[in-house]
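Trainee: here is my input, please return the structure:
(one chain, ligands or ions: 1)
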Amino acid sequence: MNKILVLFDSASGNTKKMAELVAEGARHIEDTEVRIKSVDEANAEDVLWCDGLAVGSPTNMGILSWKMKRFWDETMADQWMKVDGKIGCAFSTAGGWGGGMELACQSILTVLMNFGFLVFGVTDYAAEMMTAHYGAVAVREPREPEAQANCRMLGQRLAEWVAVRVHGKTEQHPANKMDQRKAP
Ligand SMILES: Cc1cc2nc3c(=O)[nH]c(=O)nc-3n(C[C@H](O)[C@H](O)[C@H](O)COP(=O)(O)O)c2cc1C
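Mentor: Next up, the predicted model:
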């Protein structure tokens, strides 16, 4: 069973909507259990439980929110050196294009790398001119079908990597699904 946690912070609901779409994409892969937790309710056990983790935060001054940073600084501090090798990815929403959501994704990935996570980006295109090379990004609420597809694609890829890397299900490797994938 793939165990996926979607952990998010969201002050006004936009990242929460992305989180629900990421979860939906992960569920697309068979034998996947997905838990969605806000940073206000999550604890270290939730992270220890999962094999794959998608972390989402609003872009705040170009980086992850203080609440999400605090979760890793404080809630997860005792778990350092106990979560190495889990698979991680990032998503973020900002107030506008150029507002720094990819920088925010990078800041999340940096934190995950510090904890020993194996982090990834997505090469595929969810739609024309819509990809998630550094994580899924959206401006405010992910309202457009393309932005929604991008979030789902990230979640699906996370579940695929867990299936391949944790459970040895080589049929879930993206290279074995070329007929279903979109290039630019
Ligand atoms: C403290 C703070 C800092 C922000 N910094 C940025 C920023 O650097 N760039 C940007 O485009 N939007 C910024 N925003 C806007 C939010 O990223 C944006 O409204 C986001 O969609 C909110 O997501 P949420 O509904 O999940 O909280 C900021 C908002 C707040 C409250």
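Trainee: burial check on whichever residue of the chain sits closest to the ligand, number of neighbours?
Mentor: In the chain, no residue comes nearer to the ligand than Gly99, which is 1.9 Å away by CB to the nearest ligand atom. No exception for glycine: its C-beta is placed from N, CA and C like everyone else's. The tally of other residues near Gly99 (other CB atoms under 10 Å) stands at 19.
Trainee: you'd agree it is up against Pro58?
Mentor: No. Contact criterion CB atoms under 8 Å: Gly99 and Pro58 do not qualify, at 10.0 Å.
Trainee: distance of the most centrally placed residue in the chain relative to Lys37?
Mentor: Residue closest to the average C-alpha location in the chain (CA atoms, centre = their mean): Ala54, at 2.7 Å. Distance check for Ala54 against Lys37: by CB to CB, to the nearest Å, it reads 11 Å.
Trainee: need the residues touching each of the two.
Mentor: Residues touching both Ala54 and Lys37 (CB atoms under 8 Å, 6 or more residues apart in numbering): 5-7.
Trainee: got a winner among those for most neighbours?
Mentor: Across the shared contacts of Ala54 and Lys37, neighbour numbers were computed from other CB under 10 Å; Val6 holds the maximum, 30 neighbours.
Trainee: after the strand or helix carrying it, next one along is what?
Mentor: Following DSSP states H and E, one finds Val6 within strand 2-8. The helix or strand immediately downstream of strand 2-8 is helix 14-27, counting by DSSP H and E.
Trainee: which outside residues touch that following helix?
Mentor: The contact list for helix 14-27 (CB under 8 Å, 6+ apart) reads 2, 4, 6, 8-10, 32, 34, 36, 38, 52, 54, 56-58, 91-93, 136, 138, 140-142, 148, 151-159.
Trainee: and Asp124, backbone torsions?
Mentor: phi -70, psi 170 (degrees, to the nearest 10).
Trainee: ok, how many other residues are close to the nearest residue to it once chain neighbours are set aside?
Mentor: Spatial nearest neighbour of Asp124, excluding adjacent residues (CB to CB, 6 or more residues apart in numbering): Arg181 at 5.1 Å. Using other CB under 10 Å, Arg181 has 13 other residues around it.
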